[in-house]
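Student: sequence and computational prediction follow.
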Amino acid sequence: MGSFVRLFIGIPLAVLVTGGLFLFMAAMIRQDLRLNEPEDALNINITAQIDDSDINNANREFKRPTLDAPPPPPPAVNDPSNRPALDGVRADIPQIDANLNIGTGFNPDRDAQPLVRIPPQYPERCMSRADSVETVVMQFDVTPEGQTTNIQVIDTTNSCLNRAAIRSVERWKYQPKIVDNVAEPRRGVQTVVTFQLDG
């Protein structure tokens, strides 16, 4: 019953409020309200025609730009006292104190000079029974192409390292012996391969 009473009272009240708002808005629209617009309003004309320019007149008015002049060359110096000294720097030859054994076949005159020396790999199985520095004395021949051949162990402080020393020397490259501009084999080249444990 209560909902029926609310419905009976609510519908006329809603119609009355809606009608009042409708009349109020109609009155607002009828009023002659003018905004303060600037007198000089922006005038946009989308149908304006663009005048074609005369190409011949445009070409007559074109002027080529003037290029900058290149800089003048530097002045020539004819004063002989202004030349640098050509003596070079004089210095003493340094003394190198190094104990280097590159084999008995070494000759400064291009006789079996080493070009590539790959250091040997220290075998892990030999580390437990090795001293901090071990040496293997090797003897080999050098072919005319500079390869090592006939590799032998002459003396060693640890025979466990012999195989690693031979593998290392097999990959070495030498400058062969030159006689009358012809490469010849070199026999009996000796060298010492050193194994050193770090730490």
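Tutor: The structure has been received and is ready for your questions. Residues are numbered from 1 along each chain as shown.
Student: so which helix or strand of this structure has the lowest pLDDT on average?
Tutor: helix 55-61 (a mean of 62; mean pLDDT, DSSP states H and E).
Student: beyond that one, next helix or strand please.
Tutor: strand 113-116 (DSSP states H and E).
Student: who does that next one pair up with?
Tutor: Pairing partners of strand 113-116, with direction, according to DSSP bridges: strand 173-175 (antiparallel).
Student: residues of the very next helix or strand once past the strand it pairs with that come out buried?
Tutor: On the C-terminal side of strand 173-175, the closest following helix or strand by DSSP H and E is strand 177-179. Neighbour-count burial for strand 177-179, with 16 or more other C-beta atoms under 10 Å as criterion, is recorded at Lys177. From N, CA and C alone the C-beta is placed, and that goes for glycine too.
Student: do stretch 162-181 as well
Tutor: By neighbour count on 16+ other C-beta under 10 Å, the buried set for stretch 162-181 is 162, 164-166, 168-169, 172, 174, 176-177.
Student: which one of those residues sits closest to Tyr122?
Tutor: Ala164 (7.0 Å; C-beta to C-beta).
Student: tell me where the model's unsure across the protein.
Tutor: 1, 32-43, 48-62, 77, 79-91, 93-112, 199 (pLDDT under 70).
Student: now with 50, please.
Tutor: 104-110 (pLDDT under 50).
Student: can you check which helix is longest in it?
Tutor: helix 2-30 (DSSP state H).
Student: just to revisit the earlier point, let's have the buried residues of stretch 162-181 in CSV, adding distance to Gly20.
Tutor: Below are the buried residues of stretch 162-181 laid out as CSV (distance: C-beta to C-beta, whole Å):
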residue, distance to Gly20
Asn162, 118
Ala164, 110
Ala165, 114
Ile166, 115
Ser168, 110
Val169, 115
Trp172, 112
Tyr174, 116
Pro176, 120
Lys177, 124
